[in-house]
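Participant: return a 3D structure for these sequence lines:
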Amino acid sequence: MKLLSAAVVAVLTAGVSMTAAAAPAGYVPYKCDNGKKLNVVYEFDRKGNAVGASANAAGKQISLRVDKRRSDSEKARIGIHNDCYLASIDDTGTYQPRRDQTIEAQRMFTRQHVQYTSFGGETCAPIAQARTTCSDILREGKEYRLGYLNYDYHEDFINGWEKEGCMADVRKNIGYRIELSQFQISSKAQSGSLKWALKLSNQGWARPLNPRDIVVRFTSADGSSKDVALENTNLRTLDAGERAQWEGTLTLPGLSAGEYSVSLGAPDPDARLAGNTRFSLRFANADSGSVQWNLRTGFLDTGLKVQVP
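Facilitator: Got it, this is the predicted structure:
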């Protein structure tokens, strides 16, 4: 797991060694390579897992929380595939009581685990106590953060949802659904920087699986462009049903004087895929009025202009 602030983690972990120096009760004392001392207090949950840490560094009190949404541990990268989703009380053997683990305990583990990982699968032939109705899929799709589902199987479920009238909602809610409701940016650069603000929400059942920042693209009249990733806009942190309001100041990437068109996107963070528009995250309301999704660039053309003096 990673703590929220990488910079502070570096202070806590890089070049430090345990010391026998006295520290206040409940604190762990560290001695840095430069000779300075740092007292850190850790917080743990009932299972003994670290959930936070706090320290006074250079006269500033810093509190850190363990954030599984940003974790790159192996546990946080393993999803769950249910091959008989909804098909019976135990999903046709997907959940089986063992030792002190009840079926409900296993279901609860699944619901907790998939808060940060993938969940999906397919249904199969329904048997006793199958959950086949629209209310079932709309409830459990949300509870289990359903990210994908085989549309071809099983037809009893699919046809039932089509007939009952909820299949359109199922299609719309599966996976993440990032809606951008507002984006603002200064119309004129000041001292090489621009202020920005945006509002967005995740209307889907799941969150994006990989870290992905929002990127602003500045395009000049001759068609050349430069990108700037907005700090603290990792869309993986946007949970299902969550709304966010982010703002900040960006530093211009060495733009010449002139007018630039502004577009907004979320390309794949991997350099090998960043230029491939098929891997760009497309906002759910990308085509609305003057705001249009550009299939060629994989960015949202906002219609906004910025002047660089």
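Participant: every contact and neighbour count from this point should use C-alpha atoms.
Facilitator: OK.
Participant: give the helix, strand or coil label for the residue nearest the centre of the chain.
Facilitator: Most central in the chain under CA atoms, centre = their mean is Arg236, positioned 0.9 Å from the mean C-alpha point. Recorded secondary structure, Arg236: helix (DSSP: H, G, I helix; E, B strand; the rest coil).
Participant: just name whatever secondary elements the one helix or strand Phe183 maps to is in contact with.
Facilitator: Under DSSP states H and E, the secondary-structure element containing Phe183 is strand 178-185. The helices and strands touching strand 178-185, judged by 3 or more CA pairs under 8 Å, 6 or more residues apart in numbering; DSSP states H and E, are strand 193-202.
Participant: give me the buried positions along the helix or strand just after the strand it packs on.
Facilitator: Past strand 193-202, further along toward the C-terminus, the next helix or strand under DSSP H and E is strand 215-219. For strand 215-219, the neighbour count (16 or more other CA atoms under 10 Å) marks 215-219 as buried.
Participant: can you count the residues close to the residue nearest to Leu281 when sequence neighbours are not counted?
Facilitator: What sits nearest to Leu281 in space, not counting adjacent residues and going by CA to CA, 6 or more residues apart in numbering, is Ala266, at 5.3 Å. Here the count is done by other CA atoms under 10 Å, and Ala266 has 24 residues near it.
Participant: repeat that for the one 10 residues further on.
Facilitator: Using other CA under 10 Å, Asn276 is surrounded by 14 other residues.
Participant: got the contact list for it?
Facilitator: Applying CA atoms under 8 Å, 6 or more residues apart in numbering, we find Asn276 in contact with Gly298.
Participant: can you pull out the helices in the stretch 151-300 of the chain?
Facilitator: In the stretch 151-300 of the chain, the helices defined using DSSP state H, counting those that start in this stretch lie at 155-164, 167-173.
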